[in-house]
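[1] Fold the following.
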Amino acid sequence: MADAAIFIGWGPPVRGREAKGLEVFNESVQTWGQYQEDGKIESFEVVLLNAHGGDLAGFALLRGTREALDELQREEEFQRRTTRAAMIVDNIGVVNAAIGEGLGTQIGVYQDAIGDLT
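    Numbering: from 1, shown residues only. Here you go, the predicted structure:
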């Protein structure tokens, strides 16, 4: 059961690279689908945001166990794809996240920190 996620967020495409950006986006979605088929992730969701004047244009949430996602992020292909995307879109970010059962652990860490500071 997924207890963790990788949040992959991106901003607008680099001007003049919009077509290439769409190509890299489509390749990424195919790759995430393959990760799911191969059992490297449990599921994924892609979100495209409406224009809002901010820096975030969309994101993907890849769900799985913390161990599986940590392993995925160490793979050269994952790193290569992220680097390639960073050359096409602005403000790319890859952030580990807690979901599901992992929320309890993360909240416990937060509560411990509160206790240390009071």
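
[2] Going by C-alpha atoms from here, please, whenever you check contacts or count neighbours.
    Will do.

[3] who's in contact with A85?
    Under the criterion of CA atoms under 8 Å, 6 or more residues apart in numbering, the neighbours of A85 are G21, V24, F25, I92.

[4] Go through whichever strand or helix holds the first one and flag the buried ones.
    G21 belongs to helix 18-37 when elements are defined using DSSP states H and E. Counting neighbours by 16 or more other CA atoms under 10 Å, one finds that the buried residues in helix 18-37 are G21, V24, S28, W32, G33, Y35, Q36.

[5] Next secondary structure element downstream of it?
    Going C-terminal from helix 18-37, and assigning secondary structure by DSSP H and E, you next hit strand 43-48.

[6] That next one: partners in the sheet, and parallel or antiparallel?
    Looking at strand 43-48 with DSSP bridges, its partner strands are strand 58-64 (antiparallel).

[7] mind saving the C-alpha coords of the helix holding G21 as CSV?
    Taking Å, rounded to 0.1, in the frame of the first residue of the first chain, the C-alpha atoms of helix 18-37 are listed here in CSV:
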residue,chain,number,x,y,z
GLU,A,18,6.8,24.5,-26.4
ALA,A,19,6.6,21.7,-29.0
LYS,A,20,9.7,20.0,-27.5
GLY,A,21,8.1,20.5,-24.0
LEU,A,22,5.0,18.6,-25.1
GLU,A,23,7.1,15.8,-26.5
VAL,A,24,9.0,15.4,-23.3
PHE,A,25,5.8,15.6,-21.3
ASN,A,26,4.2,12.8,-23.4
GLU,A,27,7.4,10.7,-23.0
SER,A,28,7.3,11.2,-19.2
VAL,A,29,3.6,10.1,-19.0
GLN,A,30,4.5,7.0,-21.0
THR,A,31,7.5,6.3,-18.7
TRP,A,32,5.3,6.7,-15.5
GLY,A,33,2.9,4.3,-17.0
GLN,A,34,5.7,1.8,-17.6
TYR,A,35,6.9,2.3,-14.0
GLN,A,36,3.4,1.3,-12.9
GLU,A,37,3.3,-1.7,-15.2
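
[8] Now that helix: average pLDDT?
    Helix 18-37 shows a mean pLDDT of 95.
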